[in-house]
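Trainee: take this sequence and fold it.
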Amino acid sequence: MKLTILSFKKVLFAIGIMLVMVPQSLMAQSEKPKNLLLYDNQPYHFGFILGYNQMSYAIKFNEGYQLAAHPSSEYPNVDSYASDNATYYVRSITPVPESGFVVGVVGNLRLGKYFDLRLIPSLSFGSRTLEYQFYRELNNGATDNNPYFTKRKSIFSTFVEFPLQVKYKSKRLNNIAAYVIAGGNFKIDLASQKKSQVDITSDQGELKTVTDNIRVKRTDLAAEVGAGFDFYTGYFKFGIEAKMSFGLFNILDSQNLIYDSSIKSIQNRTFQISLTFE
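Mentor: Numbering: from 1, shown residues only. All right, here's what the predicted structure looks like:
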């Protein structure tokens with residue numbers, strides 16, 4: 001819930017900045033002639049998009065997960081914590097948003113005077129980080145001087161996205177128009193399962209491969225809402241837009257490791273600010 005509220009605050013903050021800027025622009029251009037008078041009457045047009053994003057996760061935990069004991073077999077044998085035959089507890093899992101960027105192509109179909117249909121095939125690059133706090137309890141009765149420790153796990157993503165949006169735009173005021181968007185976005189993650197496995201040497205000296213990260217599924221469907229402004233220049237239409245994307249499905253690919261055994265579901269969340277050139 002905190003993540004959702006924070007994301008909405010980001011959208012509202014971005015839209016608020018645009019609302020402050022637009023009246024000043026309107027006053028400055030009140031006597032200027034309109035650019036691209038017939039632009040909105042075209043049946044279709046194309047462009048491209050550049051954007052900044054922040055990716056994160058909305059997580060639902062299993063009830064009482066902080067009290068669940070995890071044997072050392074659930075903790076991958078990749079560092080000094082793994083060879084002690086200890087029992088582990090997950091005290092907290094905190095999603096940390098990370099920054100990324102997006103590039104894409106805009107295809108716009110005119111549906112009516114105020115409505116457009118947009119398809120924006122895009123490549124979106126970014127990562128999500130989960131910060132784990134663990135508690136270790138030694139099974140041999142020995143004293144542990146550092147029972148609490150923290151690990152950060154990053155999940156890198158390269159999404160091929162297909163946002164399909166309905167755009168409702170306001171009546172044009174000189175060379176500026178406001179709009180809102182809503183739609184869906186089908187995503188394919190080309191990199192979600194990379195770097196989740198590492199090669200280690202077992203206690204018997206044998207080389208083996210283990211999963212040392214949380215794994216998520218490759219495909220997802222998201223609902224998206226946003227708002228923005230179009231600026232009509234002498235040669236093209238320039239837009240600035242803020243939107244929020246909410247993953248609809250549980251993308252957790254459980255491996256029965258300490259990283260995911262406390263989690264009931266994971267959903268994608270993405271905040272994005274974009275510039276469009278059409």
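Trainee: and residue 239, bridged to which residues?
Mentor: Per DSSP bridges, the residues bridged to residue 239 are residue 230, residue 276.
Trainee: please name the residues that touch it.
Mentor: Listed by Cβ atoms under 8 Å, 6 or more residues apart in numbering, the contact set of residue 239 reads 228, 229, 230, 231, 274, 275, 276, 277, 278. Bear in mind the C-beta positions are built from the backbone N, C-alpha and C, glycine included.
Trainee: if we only consider those residues, which is nearest to residue 177?
Mentor: residue 230 (4.8 Å; Cβ to Cβ).
Trainee: isn't that closest one right up against residue 169?
Mentor: Yes. Using Cβ atoms under 8 Å, residue 230 is in contact with residue 169, at 7.0 Å.
Trainee: shared neighbours, these two?
Mentor: With Cβ under 8 Å, 6+ apart as the test, residue 230 and residue 169 both reach 177, 178, 179.
Trainee: now, these that are in strands?
Mentor: 177, 178, 179 (DSSP state E).
Trainee: the helix or strand residue 181 falls within - contacts with which helices or strands?
Mentor: Element membership for residue 181, per DSSP states H and E: strand 176-189. Where contact means 3 or more Cβ pairs under 8 Å, 6 or more residues apart in numbering; DSSP states H and E, strand 176-189 is packed against helix 2-28, strand 148-169, strand 219-232, strand 237-247.
Trainee: ok, now with 6 Å
Mentor: Packing contacts for strand 176-189, counted by 3 or more Cβ pairs under 6 Å, 6 or more residues apart in numbering; DSSP states H and E, involve strand 148-169, strand 219-232.
Trainee: and of these, who's closest to residue 104?
Mentor: Residue 104 sits nearest to strand 148-169 of all the helices and strands packed on strand 176-189, at 7.4 Å, using Cβ to Cβ.
Trainee: list the buried residues in that closest one.
Mentor: Across strand 148-169, burial judged by 16 or more other Cβ atoms under 10 Å covers 155, 156, 157, 158, 159, 161, 162, 163, 165, 167, 169.
Trainee: ok, of the residues you listed, which one's closest to residue 35?
Mentor: Residue 35 lies nearest to residue 169 out of those, by Cβ to Cβ, at 15.8 Å.
Trainee: let's have the ones in strands among the shared contacts of residue 230 and residue 169 in JSON lines, adding distance to residue 104 and neighbour count.
Mentor: Shown next, in JSON lines, are these (distance: Cβ to Cβ, whole Å; neighbours: other Cβ atoms under 10 Å):
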{"residue": "177", "distance to residue 104": "21", "neighbour count": "20"}
{"residue": "178", "distance to residue 104": "22", "neighbour count": "18"}
{"residue": "179", "distance to residue 104": "18", "neighbour count": "18"}
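Trainee: between these, which sits nearest residue 90?
Mentor: residue 179 (44.1 Å).
Trainee: nearest spatial neighbour of the closest one, chain-adjacent residues omitted?
Mentor: In space, residue 179 comes closest to residue 169 once its chain neighbours are excluded; the distance is 4.0 Å by Cβ to Cβ, 6 or more residues apart in numbering.
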